[in-house]
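Visitor: any chance you can model this:
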Amino acid sequence: MHGPSSVPAAVSRHCTEAARGACRTYVAAACVAVLAVATVPANAAKPAPKPPTAAGSFIDHFDVQDSARWSRADGWTNGSPFDNAWLADHVLYTGGRVELQLDDVAALGEPYSSGELRTNAYYGYGCYEASFKPIAVPGVVTALFTFAGPYDNGGNGKHNEIDIEFLGSQSRRVQFNYWTNDDGYASHNEMLLDLGFDPAATYHRYGFKWTASGIQWFVDGQLVHSVTDGAANPTPKATESVQKIMVNAWPVDETAVLWAGQFAYPGTPLRASYEWVRHIAGADCSLLDPPVTPPPPSGDASSMHVHGISMSLDTKATQAIARVNVVDGLGRPVSGVAVSGAWGGAITAGDTARSTDAAGTATFYSARSRSPGTVNFCVTKLAHSSLAYDAGSNVETCDAVAK
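Guide: Numbers count the residues shown, from 1 in each chain. Modelled structure (predicted):
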């Protein structure tokens, strides 16, 4: 999310209050490590940090907030070239979409406020895509990107990032970029593409495929730009650092005017609008076809259905975890639903019956296994004392994660 060389190297992009606390803990731990270093042979090789386990595939249509998957940026700033504070109430779920609002609410010493969503989990090789409309105002950046760094540490604690960015001053263009282990922001890989249409006029699909051999960017399912990994200019590696998925919209300050344009608040709030975001795990993924559009909420408050299934692995990648979210026909989470399911693929045993909590989520754990392969989980039944199960309205009934 950084521009060319006009952007200061000292920018701190994604520091949260919780992360600052982690930084203090890290410093204290480092002092202990210094005392311990005398016991380690001088020629001993330091083991490479191990990235956390990458989460599996998902699609979120944003009809309700999935707090198990996403967190709203709230109560901090990034510093220059960002000219805003991040506030949770600037992420708005409305009409089956999520909108990121930018306005002139002054907060935390900044003249503007805006919204950002970031995943709680980290993701590795695979496809990433969103359908959205950016803000077409000079000085505003609207983005879909993946990120890891000192505060969102995906493994080695270094800055790794893959970008799709819209610069408000480039009304019919999109910028692609990436950063690899680059805390000094010395790498320059940005590429501006003429789209041939106005991206703010209607929703379009923008995505990229990330593999060990490089990155490919897509617009509406068509390959438009690619880079190949090389020793002189490597692309990010999931073996070194996996990344969080983020969407945001923000104004630049005077240091980034040459990159994104001069921002002047128009007097009314601005909104970037996202229809959905999806991740397809694995290097064999494809962005050729759009996702299947789920049926709209039935409007029947007496019915319920599966809003989504989120699959992940434990830290040792020996156990799969399936989180099933249940909503009623109005899209509201439903607690107390008896959810039945079945495991398949590389692991066939585990929890088969759980109940949803206050957020409408039932969490299932598989048996443990070190065998590699794909683990599947399917919902077989929902039961509730007063709601009927409408299986035809399920956004998804089965999901999978590779281990």
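
Visitor: what count of nearby residues applies to residue 296?
Guide: Per other C-beta atoms under 10 Å, the neighbour tally for residue 296 reads 12. (Each C-beta comes from the backbone N, C-alpha and C, glycine too.)

Visitor: in contact with it, which residues?
Guide: Residue 296 sits next to residue 96 when contact means C-beta atoms under 8 Å, 6 or more residues apart in numbering.

Visitor: wait, a helix at it?
Guide: No: residue state for residue 296 (DSSP: H, G, I helix; E, B strand; the rest coil) corresponds to coil; a helix is not indicated.

Visitor: that one and residue 311: what is the separation?
Guide: According to C-beta to C-beta, to the nearest Å, residue 296 and residue 311 sit 25 Å apart.

Visitor: try residue 135
Guide: From residue 135 to residue 311 the distance is 33 Å (C-beta to C-beta).

Visitor: and for residue 263?
Guide: Per C-beta to C-beta, residue 263 is found 40 Å from residue 311.

Visitor: and if you look at residue 340?
Guide: 17 Å.

Visitor: those two: which has the busier surroundings?
Guide: residue 311 (24 against 17).

Visitor: any idea how far the nearest residue to residue 83 once chain neighbours are set aside lies from residue 78?
Guide: Excluding its sequence neighbours, the residue lying closest to residue 83 (C-beta to C-beta, 6 or more residues apart in numbering) is residue 253, at 4.1 Å. Between residue 253 and residue 78 the distance is 11 Å, computed by C-beta to C-beta.

Visitor: pick out whichever of these two has more residues nearby.
Guide: Taking neighbours as other C-beta under 10 Å, residue 253 and residue 78 compare with residue 78 leading, 21 against 18.

Visitor: pLDDT value on that one, please?
Guide: As predicted, residue 78 sits at a pLDDT of 95.

Visitor: list phi and psi for it.
Guide: phi -100, psi -20 (degrees, to the nearest 10).

Visitor: what of the one 10 residues further on?
Guide: Residue 88 adopts backbone torsions of phi -60, psi -30, taken as degrees, to the nearest 10.

Visitor: quick one: contacts for it?
Guide: By C-beta under 8 Å, 6+ apart, the residues touching residue 88 are 72, 73, 74, 75, 115.

Visitor: okay, domains of this protein per the record?
Guide: As given by automatic domain parsing, the domain ranges for the chain are 17-281, 303-402.

Visitor: out of those domains, which gets the lowest mean score?
Guide: Minimum mean pLDDT among those: domain 17-281, a mean of 89.

Visitor: where do the helices sit along the stretch 151-300 of the chain?
Guide: Ranges of helices within the stretch 151-300 of the chain are 257-260, based on DSSP state H, counting those that start in this stretch.

Visitor: returning to what we had before: the residue nearest to residue 83 is in contact with residue 77, isn't it?
Guide: No: Residue 253 is beyond contact range of residue 77, at 11.1 Å (criterion: C-beta atoms under 8 Å).

Visitor: output stretch 258-276 as PDB, nothing but the C-alphas.
Guide: What follows is stretch 258-276, C-alpha atoms only, in PDB (Å, rounded to 0.1, in the frame of the first residue of the first chain):
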ATOM      1  CA  LEU A 258       2.800  12.900  -6.600                       C
ATOM      2  CA  TRP A 259       1.700   9.300  -6.200                       C
ATOM      3  CA  ALA A 260      -2.000   9.500  -5.600                       C
ATOM      4  CA  GLY A 261      -3.000  13.200  -6.100                       C
ATOM      5  CA  GLN A 262      -3.900  16.000  -3.800                       C
ATOM      6  CA  PHE A 263      -6.800  15.200  -1.500                       C
ATOM      7  CA  ALA A 264      -9.500  17.800  -0.800                       C
ATOM      8  CA  TYR A 265     -12.500  16.600   1.200                       C
ATOM      9  CA  PRO A 266     -15.700  17.200  -1.000                       C
ATOM     10  CA  GLY A 267     -17.900  18.000   2.000                       C
ATOM     11  CA  THR A 268     -19.800  14.700   2.100                       C
ATOM     12  CA  PRO A 269     -18.600  11.200   3.100                       C
ATOM     13  CA  LEU A 270     -17.000   9.000   0.500                       C
ATOM     14  CA  ARG A 271     -17.500   5.200   0.300                       C
ATOM     15  CA  ALA A 272     -15.700   2.300  -1.300                       C
ATOM     16  CA  SER A 273     -18.000  -0.600  -1.800                       C
ATOM     17  CA  TYR A 274     -17.200  -4.300  -1.800                       C
ATOM     18  CA  GLU A 275     -19.600  -7.100  -2.900                       C
ATOM     19  CA  TRP A 276     -17.500 -10.000  -1.800                       C
END
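
Visitor: I appreciate the help and will end here.
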